[in-house]
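1. Okay, sequence plus prediction incoming.
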Amino acid sequence: MKSQVFRGSGLAAAHIVALALLHYGCGAEGDRSHAMQQTDEQPRAAVTRAEFGQLPDGTPVDAFTLTNANGVVVRAITYGGIITSLRVPDRNGQFDDVVLGYDDLAGYLEENPYFGAIIGRYGNRIAGGRFTIDGQTYTLATNNGPNHLHGGVTGFDKVVWQAEPFERGDSVGVVFSYASPDGEEGYPGNLDVRVTYTLTAANELVFDYYAITDKPTPVNLTQHSYFNLAGDGRGDVLGHQLMINADHFTPVDSTLIPNGAIAPVAGTPFDFRSATAIGARIDQDEAQLRNGLGYDHNFVLNRGDSAVTHAAQVYEPRTGRSMDVYTTEPGVQFYSGNFLDGSITGKAGRVYRHRYGFCLETQHFPNSPNQPDFPSTILQPGDEYRSTTTYVFGVRP
Ligand code: BGC
């Protein structure tokens with residue numbers, strides 16, 4: 001299988017400075033031979049491209065492997081922009097993959113509860129699959145009970161994106177772009193979308209979202225990686241310590257549509273303002289936890305004057321791994337993997353049982369197109385949709 005290496009060489013390099021053709025193995029192990037294992041004395045950042053598979057109609061799907069100088073490796077594919085693996089060190093320097101997923105494309109095509117994918121046009125739910133803009137009502141697929149979820153039947157998680165790798169100093173990345181035609185999944189307007197993944201030398205994974213439209217349309221893009229900082233498939237996430245910087249959340253009905261309230265978290269199992277184990281209160285007999293079958297709720301982030309909020313922090317005590325989430329978005333959906341039930345076998349034969357992964361999906365609030373009091377998600381022609389979220393990976397002693 002052919003791969004190209006686009007290698008960074010520190011600050012002097014403004015552009016890609018090396019291009020090599022390598023022969024890699026296929027499938028799950030295909031990204032092992034990243035550039036760091038070559039002859040360099042100092043590991044350097046690099047991005048490589050390799051074939052990952054083909055859709056049934058023959059459309060090729062490629063994988064990009066981003067490596068930084070610390071040995072952190074992110075692999076993302078052009079199908080759905082899916083992050084298929086993310087290898088970060090623990091407190092002893094042991095690397096492990098901390099995201100759920102599949103070994104090959106067939107897994108993602110067969111059944112994917114949005115593992116690792118870009119979500120759009122509208123991340124989260126739109127009640128009844130309907131909204132009205134300027135007096136015109138639009139009807140979307142109801143693919144989640146009575147509601148529309150994550151962009152519909154063929155959302156941005158199920159399309160093949162164009163992709164261009166880049167190197168910028170000691171950061172590497174890939175720009176995914178997709179032209180969503182007017183009427184796709186029932187949404188109005190041609191929407192041009194660009195999502196940039198950047199891996200920096202500080203072990204940050206940055207998502208920059210950009211979109212423009214030619215008709216007013218709802219846009220709420222997010223990233224749906226399921227994390228387990230103890231390592232993919234290594235158990236449930238209930239022992240992870242979570243902080244969410246939110247005084248309020250948006251309570252939901254039994255179909256997970258917000259009831260319109262912006263409710264205080266104080267005195268509820270939704271108070272994560274101080275780090276608390278995900279599992280500490282998850283099984284309490286409480287109405288909102290019953291509706292979500294656990295945590296599956298949007299938190300209203302406390303935003304100071306700065307454009308970027310420190311939204312959340314997660315710490316896994318056994319491995320010492322931590323993850324901080326920063327975002328320009330007003331909300332984050334914390335989903336505790338409640339629908340994982342052991343029916344999915346993922347990478348290397350690992351079975352994903354109940355709550356084996358969690359998601360922190362930065363976003364605007366669910367059902368905003370039907371909630372005039374929520375921050376608007378309607379993108380107007382002539383305006384630019386811009387949003388940035390950063391996951392920072394670290395360790396504690
Ligand atoms: C939703 C969950 C859903 C999961 C996978 C999350 O964003 O909030 O309800 O089960 O995605 O589809």
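-> On my side now, so go ahead.

2. nearest residue to Asp253 other than its sequence neighbours?
-> Asn259 (5.8 Å; C-beta to C-beta, 6 or more residues apart in numbering). C-beta: built from backbone N, CA, C; applies to glycine.

3. Any figure for the gap between the one you found and the ligand?
-> Using C-beta to the nearest ligand atom, to the nearest Å, we find Asn259 at a distance of 16 Å from the ligand.

4. okay, that residue: pLDDT?
-> Note on Asn259: pLDDT of 97.

5. For the ligand, tell me whether stretch 281-291 is touching it.
-> No - Stretch 281-291 is not in contact with the ligand by C-beta under 6 Å from any ligand atom; minimum separation 10.6 Å.

6. if we can go back for a sec, run through the residues that contact the residue nearest to Asp253.
-> Under the criterion of C-beta atoms under 8 Å, 6 or more residues apart in numbering, the neighbours of Asn259 are 250-253.

7. now swap in Asp134 and tell me
-> Pro216.

8. And it, its phi and psi?
-> For Asp134, the backbone dihedrals (degrees, to the nearest 10) come out as phi 50, psi 40.

9. Kindly report the same for Tyr108.
-> Backbone torsions of Tyr108, given as degrees, to the nearest 10, read phi -70, psi -30.

10. Tell me the confidence at it?
-> Reported pLDDT for Tyr108: 98.

11. So among the contacts of Asn259, which ones count as buried?
-> Listed as buried from the contacts of Asn259 are 250-252; burial here means 16 or more other C-beta atoms under 10 Å.

12. want to throw those into a markdown table with pLDDT, secondary structure and distance to the ligand?
-> Listed next are these as a markdown table, based on pLDDT from 0 to 100; DSSP: H, G, I helix; E, B strand; the rest coil; distance: C-beta to the nearest ligand atom, whole Å:
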| residue | pLDDT | secondary structure | distance to the ligand |
| --- | --- | --- | --- |
| Thr250 | 98 | strand | 12 |
| Pro251 | 98 | coil | 14 |
| Val252 | 98 | strand | 9 |
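
13. Which one of these is nearest to Phe365?
-> Nearest to Phe365 among the buried ones among the contacts of Asn259 is Thr250, at 5.5 Å by C-beta to C-beta.

14. which non-adjacent residue is nearest the closest one?
-> Per C-beta to C-beta, 6+ apart, closest to Thr250 is Pro258, 4.1 Å.

15. Run through the bridge partners of Ala263.
-> Going by DSSP bridges, Ala263 is paired in beta bridges with Phe249.

16. so it sits right up against Asp247, yeah?
-> No - distance between Ala263 and Asp247: 9.9 Å, which falls outside the contact criterion (C-beta atoms under 8 Å).

17. Quick check, the residue nearest to Thr250 in contact with His248.
-> No - applying C-beta under 8 Å, one finds Pro258 not in contact with His248, separated by 11.5 Å.
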